[in-house]
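Trainee: have a look; sequence and predicted model below, questions after that.
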Amino acid sequence: MTCDRSARGCRDVVPARSLRWAAAAVVLGLLVPIAGTAQTSWRYDQDVRLSYEFDDNVQEQPDDPVRAQVARFEYTGDLLWGRGEQQLRLEYNGGFKQHFGSVLRELDVSSQFINEGTVAYLRKVTPRLAVGGEVGFKHRAWTNDSNFFINEDGFLRRRGGLRMVVDLEPLDTDHNARLQVGVDWVDEEFKNLDHLFGNKLVGGNVSLTKEFGEDVEATASYSFDRTRYPGLRVLEPGDNPLNILSPLGERQRDRTHNLGAVVSWFGDDVSLEGEYHFRYNDSNSFGFRYLSHSVGIQVLVPLPWDMLAQALAQAELRTFLEPVPSVSAGSLDTGDAQNNVLLLRLVKDIAEDYSLEARYARYRNEAITLNDFYTKNIWSFGVIYRP
C-alpha cells in the first residue's frame, strides 16, 4: 500500500485494478479488527516507493520563493501471523531535501535529511476485541547544523498511542459496526524555535463505524487533546505580543475538541468519501481560542489502460475568537500544516508488481505568523514496487 503523506487527510491508496478493493483500502486503516481466518499461518506484504518531488515555495514570499527538490524513499511492510490474529506494521519515509532559489534575497539555504518511521502492533484477543499500540518518530535535520531558515526549522517529534477496537454485535449479519478507543501522546522539539513551537500533547479519541449495506460506511468520531507549550508565556488582554517570549509567568496550555463525520461509498465505477470536522481550541492564553470547520471530499475513479485516478479537496474555515495581530506562533512547516488542499493523483500499472505515479498538490498553509497563510505547489513523480 502507498499513502500520500503530503496531505493531512490522506488515506491508504492501492494502485490495483479492482476499484472496490482499492476504495476499501482507502477507508480502512491498520487499526481495525483482523477479519476472518487466514489461509496460512503467516503472511508478509510490502510496498516500496521511490519518488522525486518539486516544491515551488517553502517560505512565505511567492514573489521570490525558496524552492526545494526532494528525493524520497518509502517502505511499508505488514506481517500477519497466528492465522491472522496478530499484525505488525512497519513504515518508513525518508529523503534528502535540497533548497534553491530566492535570487533577490540571496539566501544560502543548506539541505535537509528527512526521516519518519512507525511501528504498530495489533492483536486479536477475542473474536470481537483487538488491542494494540504504536510508536513513531519524525525528524528533520540540516546538513549545516548552524543553519536556520524561517518556517522550516529542524525538529524531532516522538509519539505513541494505544488502541482498542471492538466489533459490536450487529443487528443483522450483513451490517457490521465497530468501536475504537485510543489514547495518544506527542513530544515535539524544534532546533532553533523550540521556545515558540516546542510542545507536549496528550489526548484521547473514540470513533464508531457502521456499515449500511455492502457499499456504504459511516464513521462518527470525537477526540480531545491537551497541549502544553513550555516556551510560551500566557498573554493577557492588552499585552504586548512580544511578552509571549518571556521566560517568566504561566505557560500556555491549549485544549482542543474535535468532532468528525466521514461517509464512504464504494461504487463499481466510482468511489466517494466525504468528511466534516468541527474543532474548538480553548486556550489559557489570550488570542489563541478559535473555531474551525473543515470539509473534505475524495474521489477514486478507474481509467482505461489499468490506471486509477484520485482527487482530494479539503478546505478549512478558521475563526479566531480573540485575534491578536502579529503573533509569531502559527504553524511551522512540518509536513502536517495543510489547512487547504487540492490533490490530483494518477497511478498506472506497468506489471503485476510495478506501478508509476504522478501527483500534483496545491496547499494554502498557515504561516509562522498566526492566522496568516501562504500558497505552495508540489509536483511528484514516483515508482511503486510491490514484491
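Mentor: Sure, I can see it.
Trainee: could you look up the SS state of I244?
Mentor: Under DSSP: H, G, I helix; E, B strand; the rest coil, the three-state class of I244 is helix.
Trainee: show the contacting residues for it.
Mentor: Residues in contact with I244 (Cβ atoms under 8 Å, 6 or more residues apart in numbering) are 232-233, 235, 252, 285, 327, 329. In short, each C-beta sits where N, CA and C put it, glycine included.
Trainee: out of those residues, which are buried?
Mentor: The neighbour-count test (16 or more other Cβ atoms under 10 Å) marks 232-233, 235, 252, 285, 327, 329 as buried among the contacts of I244.
Trainee: quick one, helices of the stretch 201-350 of the chain?
Mentor: Read by DSSP state H, counting those that start in this stretch, the stretch 201-350 of the chain holds no helices at all.
Trainee: out of the contacts of I244, who's nearest S294?
Mentor: Nearest to S294 among those, counting by Cβ to Cβ, is A329 at 20.6 Å.
Trainee: point out where the stretch 251-387 of the chain drops to low pLDDT.
Mentor: 325, 328, 330, 337 (pLDDT under 70).
Trainee: which parts of it are strands?
Mentor: 251-266, 271-283, 290-303, 307-320, 340-349, 354-366, 373-385 (DSSP state E, counting those that start in this stretch).
Trainee: mind listing what's buried along the first one?
Mentor: Neighbour counts over strand 251-266 (16+ other Cβ under 10 Å) mark 252-254, 256, 258, 260, 262, 264-266 as buried.
Trainee: now swap in the second one and tell me
Mentor: Of the residues in strand 271-283, those scored as buried under the neighbour-count criterion (16+ other Cβ under 10 Å) are 271, 273, 275, 277, 279, 281, 283.
Trainee: could you list every helix and strand in contact with it?
Mentor: For strand 271-283, the packing partners by 3 or more Cβ pairs under 8 Å, 6 or more residues apart in numbering; DSSP states H and E come out as helix 19-27, strand 251-266, strand 290-303.
Trainee: the longest one pairs with which strands?
Mentor: For strand 251-266, the pairing partners within the sheet under DSSP bridges are strand 216-233 (antiparallel), strand 271-283 (antiparallel).
Trainee: am I right that Y44 is in contact with L88?
Mentor: No - taking Cβ atoms under 8 Å as the definition, Y44 is not a contact partner of L88, at 9.4 Å.
Trainee: these two: which is more packed in?
Mentor: L88 (17 against 11; other Cβ atoms under 10 Å).
Trainee: so who does that one touch?
Mentor: Contacts of L88 (Cβ under 8 Å, 6+ apart): 78-79, 119-122.
Trainee: what is L343 paired to in the beta sheet?
Mentor: Applying DSSP bridges, one finds that L343 bridges with L312, A361.
Trainee: for V299, see how far away it is.
Mentor: According to Cβ to Cβ, to the nearest Å, L343 stands 11 Å off from V299.
Trainee: joint contacts of these two?
Mentor: By Cβ under 8 Å, 6+ apart, the residues touching both L343 and V299 are 310-312.
Trainee: so how do I select the buried members of these in PyMOL?
Mentor: Of the shared contacts of L343 and V299, the buried ones can be selected in PyMOL as follows, counting by 16+ other Cβ under 10 Å:
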select buried, resi 310+312
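Trainee: mind putting the shared contacts of L343 and V299 into a markdown table with distance to N57?
Mentor: Below are those laid out as a markdown table (distance: Cβ to Cβ, whole Å):
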| residue | distance to N57 |
| --- | --- |
| Q310 | 23 |
| A311 | 22 |
| L312 | 20 |
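Trainee: ok, so of the shared contacts of L343 and V299, who is nearest G335?
Mentor: Closest to G335, out of all of those and judged by Cβ to Cβ, is L312, at 16.0 Å.
Trainee: just to check, that closest one is in contact with Q338?
Mentor: No - between L312 and Q338 there is no contact under Cβ under 8 Å: 10.5 Å.
Trainee: next one: S326 from L242, what distance?
Mentor: For S326 relative to L242 (Cβ to Cβ), the value is 9 Å.
Trainee: F286 now?
Mentor: Counting by Cβ to Cβ - F286 and L242 are separated by 14 Å.
Trainee: pick out whichever of the two has more residues nearby.
Mentor: Taking neighbours as other Cβ under 10 Å, F286 and L242 compare with F286 leading, 18 against 11.
Trainee: how about the nearest residue to the more buried one, chain neighbours excluded?
Mentor: Once flanking residues are discounted, F286 sits nearest to L235: 4.5 Å by Cβ to Cβ, 6 or more residues apart in numbering.
Trainee: and what of L356?
Mentor: L356's closest residue in space is K348 (Cβ to Cβ, 6+ apart), at 4.8 Å.
Trainee: next: D167.
Mentor: R128 (4.1 Å).
Trainee: how deep is that neighbour tucked in, by neighbour count?
Mentor: R128, neighbours per other Cβ under 10 Å, totals 13.
Trainee: next, the contact list for it, please.
Mentor: Going by Cβ under 8 Å, 6+ apart, R128 touches 33, 166-169.
Trainee: distance-wise, check it relative to E211.
Mentor: 15 Å.
Trainee: which helix or which strand is home to H195?
Mentor: helix 194-197 (DSSP states H and E).
Trainee: which residues does that helix contact?
Mentor: Against helix 194-197 from outside (Cβ under 8 Å, 6+ apart): 153, 155, 188, 190, 229, 231-232, 245, 328-329, 332.
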